[in-house]
Structures are given as C-alpha cells and as structure tokens.
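Engineer: Kindly return the folded structure for what I paste below:
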Amino acid sequence: MKKTILLPALLLLIFEGSAFAQTLTFTNTFGGNVDNLSSSDFIRYLKDENDEFQKKKFSIGERAQLDLSSPELDGRIRLDLASLDTKEDEDENFSLNLKGYLGFKPVSFATLLAGNSFFSKFVIPASYLPANDEYTIHGKLTGADGAGILLQAAGFRLGAATEAGEEAVFNFGASYELKNAFNIGATIQNITDKAGSFGVFAGFDAIYDFKVAGGYIRNYKGAYLQNTKDALQLSLQWILSGTGFSVYAEGLLGLTNDIGDGSGKRYYDTKFPWYTAARLLYKLNEDTTFYLKGTSGYELKSSKAGETLTRFQLYPHFDHKTSMGTFRSGVRFSFTDKRQLTAVSIPVSWYYSFKVK
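Structural biologist: From the prediction side, this is the model:
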C-alpha cells in the first residue's frame with residue numbers, strides 16, 4: 001500500500017521539480033540486452049532436455065529516463081518496458097516498470113529523499129562491483145528505496161531511511177571519503193529484524209589509475225551468491241594509461257556452506273559458494289570500445305539436488321558511438337562446469353542522451 005501511495009506522489013513532485021531544475025537530461029535505450037534494459041538478450045538459443053539448441057522469441061525492451069539536478073533538487077524517473085519470456089504459442093506479453101526518486105536540499109549539507117528506487121546514487125564507493133558496473137545492495141547508505149535523509153559534510157556522509165512496504169524497515173549507513181586516498185563505510189539494513197544485514201567496506205585509491213576495495217557482509221542479500229549467510233567481497237580497477245586497456249575485477253566468497261531444502265533440515269555442501277567476474281576494456285579510439293567479460297560461480301545445493309550449479313559465462317562485446325547515439329552488441333556464451341555450452345545469446349541495444357535544458 002505504501003508503494004502504491006508513494007509512486008503517484010513522487011511523480012507529481014518530480015514533474016513539479018523539473019520546472020525548477022537547472023539541468024534536465026533525457027536518456028533513451030532500446031533493444032534487447034540484459035546489461036542496460038529490463039528485457040532478455042535480443043536473440044537467444046537455449047539447449048533443451050534433448051541436448052539441442054532451441055531459438056526463443058525475440059526479446060525487446062525500452063528504457064526512458066529523465067534526470068534533473070540543481071543546487072536544491074536532485075531526481076530521476078525511469079520507465080522500463082520489456083517483453084516477457086512466453087511459450088511460442090502464446091501472445092507476446094510485456095512488463096511495465098516505473099521507478100524514481102526525488103531529493104530536496106533545504107540546506108547545503110542535508111538532502112531529504114523519497115522514491116521507490118534510489119538507484120546507485122547514495123552509496124559507499126568501496127562497495128562498487130566494477131566488472132558488473134553496479135554497487136552491492138549492502139553498500140547503499142539509505143537502502144534501496146523509501147523515504148529518508150542524507151547528511152554530508154567534509155567527506156562524511158550519514159544516511160537513514162525507511163523502506164516503502166507493508167512493514168517498517170529501517171536502514172542506516174555512514175561513510176567517509178578522502179579524495180584520491182581512501183574511503184570507508186558501513187551500513188545496517190532492516191535493523192529491527194534479526195535477519196537484517198550489516199556491511200562494512202574500505203577502499204584504497206591513492207595510487208594513480210589503480211583502485212582496490214574490500215568488504216564483509218553479514219546476512220548477504222545480493223544477487224551473486226545464493227544460500228550463504230556471511231560473505232567477503234574484493235574488487236580492483238586498473239586503468240593502463242597510454243595503452244587503451246583497463247581491467248576491472250571482483251570476487252565474492254560465501255563463508256557458510258549449509259542449506260535447507262524447505263523441510264527444516266539442513267545439509268552441508270562440500271564447497272563454499274563463490275562468484276568472480278572480470279572485464280577487460282580496450283578503447284580503440286574515441287568512438288569504439290571493445291570489451292571481454294567473463295563470470296563464474298558456484299551455488300550451494302542440498303543433498304537432494306542432483307544437478308551441478310557451477311556456472312561460467314563469456315561475453316565479448318563492443319560499443320560504437322555515432323552522431324545518432326551509441327550502439328552496443330556482442331555474443332554471450334554460457335557453460336556448465338564441464339565446459340559444455342548451454343546457451344548462446346546476442347544482445348543488441350542503442351542508446352542516446354541529450355540535455356532538455
């Protein structure tokens with residue numbers, strides 16, 4: 001109910017705030033690409049139970065985003081439209097998702113926040129996952145959404161918010177950053193629940209073009225590890241100046257290896273869950289950039305699960321800028337632990353951005 005009430009009120013505030021914003025930027029993305037759209041990849045071939053590849057329906061998505069900013073206001077509204085995975089004999093279905101937030105600064109050191117998504121706006125820098133170009137949920141100072149306040153001065157930031165939902169969920173975070181030296185921070189999410197999570201992160205960037213960061217998470221709720229309670233996170237970014245190359249990598253390790261099957265019984269796996277990702281970037285010129293991204297990981301399974309849950313993915317792709325926007329495409333290969341190819345997909349997307357005022 002709270003989200004239902006919050007969204008129309010938020011939209012009204014954003015549209016009214018846009019009249020007072022100094023800068024309005026519109027960004028549009030179209031195509032089929034899980035990297036920058038809510039859709040699946042444009043073309044997908046998945047291996048079936050007969051070990052044969054089957055072509056799925058084309059997947060199409062559209063993302064329209066408006067960002068506004070001024071000394072007193074900061075906000076974003078994003079509309080996602082995407083085709084859903086359906087059987088071949090069914091009509092095409094689409095999902096519609098509207099997200100946004102608005103921040104108001106009554107004074108220079110305080111921002112009042114409200115929205116059903118804060119995106120990656122209020123985060124601890126050391127919680128960044130550079131290979132996937134996103135921040136872990138545990139590094140968000142004000143949580144994922146809701147209403148709250150962010151205080152910031154002299155490198156310090158303190159955030160507090162309550163999430164939009166049926167039950168009250170309180171999130172807190174604090175960080176300190178010394179530019180071109182280091183940053184540290186911690187978050188406590190869903191503090192009133194014993195299943196709430198805690199994250200602490202630290203990053204070092206005093207070496208030119210090189211950054212390294214790490215963290216510890218209690219009650220991990222992120223997307224890259226399943227069925228683990230505690231986790232360690234490590235990341236690095238290295239820009240090789242003058243060569244056109246950059247390297248981005250991250251790793252997560254679960255510190256618990258037991259899992260239930262829903263009956264209340266617990267089983268212990270012989271391994272701990274882990275996830276790694278690396279992205280190599282080569283900037284050919286001002287218009288064209290090539291990437292090679294690889295991911296791998298191991299998920300815990302109960303003693304009743306017969307299938308392996310180790311996974312690998314390889315994704316060469318490129319960006320090409322034109323006067324009409326940027327085109328991105330590549331080929332995504334998915335493998336099992338035995339290096340058997342299980343899926344091939346071709347993501348395609350085109351995006352452009354311009355200032356409205």
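Engineer: Would you mind measuring from Tyr275 to Ala231?
Structural biologist: Distance from Tyr275 to Ala231, counting by C-beta to C-beta, to the nearest Å: 9 Å. All C-beta spots, glycine's among them, are computed from the backbone N, C-alpha and C.
Engineer: Can you pull the residues that touch both of those two?
Structural biologist: Leu225, Leu252 (C-beta atoms under 8 Å, 6 or more residues apart in numbering).
Engineer: more neighbours, those two?
Structural biologist: Just comparing Tyr275 and Ala231: by other C-beta atoms under 10 Å the higher neighbour count belongs to Ala231, 28 against 24.
Engineer: Which strand residues bridge the more buried one?
Structural biologist: Taking DSSP bridges, one obtains Ile217, Gly254 as the residues bridged to Ala231.
Engineer: Would you tell me what the next helix or strand after the helix or strand where Gln65 lies is?
Structural biologist: When elements are assigned from DSSP states H and E, Gln65 belongs to strand 61-69. Downstream of strand 61-69, the next assigned helix or strand under DSSP H and E is strand 73-83.
Engineer: which helices and strands does the very next helix or strand once past that next one pack with?
Structural biologist: Next helix or strand after strand 73-83 toward the C-terminus (DSSP H and E): strand 94-107. Counting contacts by 3 or more C-beta pairs under 8 Å, 6 or more residues apart in numbering; DSSP states H and E, strand 94-107 packs against helix 2-18, strand 73-83, strand 110-115.
Engineer: The first one: what's the following helix or strand?
Structural biologist: When you say that, I think you mean helix 2-18. Later in the chain than helix 2-18, the nearest helix or strand by DSSP H and E is strand 23-32.
Engineer: who does that following strand pair up with?
Structural biologist: Sheet pairing here is set by DSSP bridges, and for strand 23-32 it gives strand 61-69 (antiparallel), strand 348-355 (antiparallel).
Engineer: Is Thr276 in contact with Ala249, as I believe?
Structural biologist: Yes - look at Thr276 against Ala249 with C-beta atoms under 8 Å: they come within range, at 7.5 Å.
Engineer: now do the same end-to-end measure for stretch 50-68.
Structural biologist: Terminal residues of stretch 50-68 are spaced 52 Å apart (C-alpha to C-alpha, to the nearest Å).
Engineer: any weak-confidence spans in the stretch 151-300 of the chain?
Structural biologist: 258-270, 300 (pLDDT under 70).
Engineer: And the strands in it?
Structural biologist: For the stretch 151-300 of the chain, the strands defined by DSSP state E, counting those that start in this stretch cover 156-162, 170-178, 182-189, 197-204, 210-218, 230-240, 245-254, 258-260, 266-268, 274-283, 288-298.
Engineer: Nearest to Val331, out of these?
Structural biologist: Ranking those by proximity to Val331 (C-beta to C-beta) places strand 288-298 first, at 11.1 Å.
Engineer: Could you list the buried residues of that closest one?
Structural biologist: Thr289, Phe290, Tyr291, Lys293, Gly294, Thr295, Ser296, Gly297, Tyr298 (16 or more other C-beta atoms under 10 Å).
Engineer: Any idea what the closest residue to Ile60 other than its chain neighbours is bridged to?
Structural biologist: Sequence neighbours aside, Ser83 is the residue nearest to Ile60 in space, at 5.1 Å (criterion: C-beta to C-beta, 6 or more residues apart in numbering). For Ser83, the beta-bridge partners are Phe94 (DSSP bridges).
Engineer: Can you mark which positions in stretch 275-289 are buried?
Structural biologist: Residues of stretch 275-289 classed as buried: Tyr275, Thr276, Ala277, Ala278, Arg279, Leu280, Leu281, Thr289 (neighbour count, 16+ other C-beta under 10 Å).
Engineer: correction: stretch 244-262
Structural biologist: 246-257, 259.
Engineer: Same check on stretch 330-349?
Structural biologist: Gly330, Arg332, Ser334, Phe335, Thr342, Ala343, Val344, Ser345, Ile346, Pro347, Val348, Ser349.
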